[in-house]
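K.L.:
how would this look folded up:
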Amino acid sequence: MEGHPHPSDLLSIGEIAGRTGVAKSALHYYEQLGLIVATRTVGNQRRYHRHMVRRISLIVVAKRLGIPLADVQQAFGELPMDRQPTARDWRRVSKVWRATLAQRRHQIERLERELNGCIGCGCLSMSACKLLNPDDELSQQGPGPRRLEVDG
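P.N.:
Take a look at the predicted model:
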């Protein structure tokens, strides 16, 4: 139907920035990372297919949730760039994202439990707390937060 937006409509970088709330510099960066793609006009101006709005919006949400762009890049690797992704394409990607989000949720819940336990003891001292790491035994396992490891 004429007059209605179509997913393959081309939008300028200003229109995409206005629609998504993402700075033009960030759009350039996302393009460098291969998260989004633009075509070029004869005058070398960027034009984005309207369906890129959804990809950019998902990037924004992922960033708000603290999901690294590398994870977004991995998930988007399965999505076509040259056409609007189908419902089947999105289902395939969402399956990967669900697993990633479940893992992240588990890590956050574990961190919350650890924090509640530490604060609950009343000492409020990470350096003097004998409960969490008596005699600094965990230092033998290497640097960093040993009890809050990703796969722990």
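
K.L.:
how many residues are close by L10?
P.N.:
The burial metric for L10, expressed as a neighbour count using other Cβ atoms under 10 Å, is 16. For glycine as for every other residue, the C-beta is placed from the backbone atoms N, C-alpha and C.

K.L.:
pretty sure P80 contacts D89?
P.N.:
Yes: contact criterion Cβ atoms under 8 Å: P80 and D89 qualify, at 6.5 Å.

K.L.:
these two - which one has more neighbours?
P.N.:
Taking P80 and D89 together and counting by other Cβ under 10 Å, D89 has the greater number of neighbours (14 against 10).

K.L.:
show me what contacts the residue nearest to the more buried one when sequence neighbours are not counted?
P.N.:
The shortest distance from D89 to any residue other than its chain neighbours is 5.7 Å, reached at L79 (Cβ to Cβ, 6 or more residues apart in numbering). The contact partners of L79, taken as Cβ atoms under 8 Å, 6 or more residues apart in numbering, are R55, P85, D89, W90, V93.

K.L.:
in which helix or strand would I find L79?
P.N.:
For L79, there is no host helix or strand (DSSP states H and E).

K.L.:
could you do P143 as well?
P.N.:
P143 is located outside every helix and strand, with elements delineated by DSSP H and E.

K.L.:
tell me what the longest helix belonging to the chain is packed against?
P.N.:
Across the chain, the longest stretch assigned as helix under DSSP state H is helix 87-120. The helices and strands touching helix 87-120, judged by 3 or more Cβ pairs under 8 Å, 6 or more residues apart in numbering; DSSP states H and E, are helix 69-76.

K.L.:
ok, residues contacting the helix it packs on?
P.N.:
Here helix 69-76 has contacts from L33, G34, L35, R55, L58, I59, A62, K63, V93, V96, W97, T100, using Cβ under 8 Å, 6+ apart.
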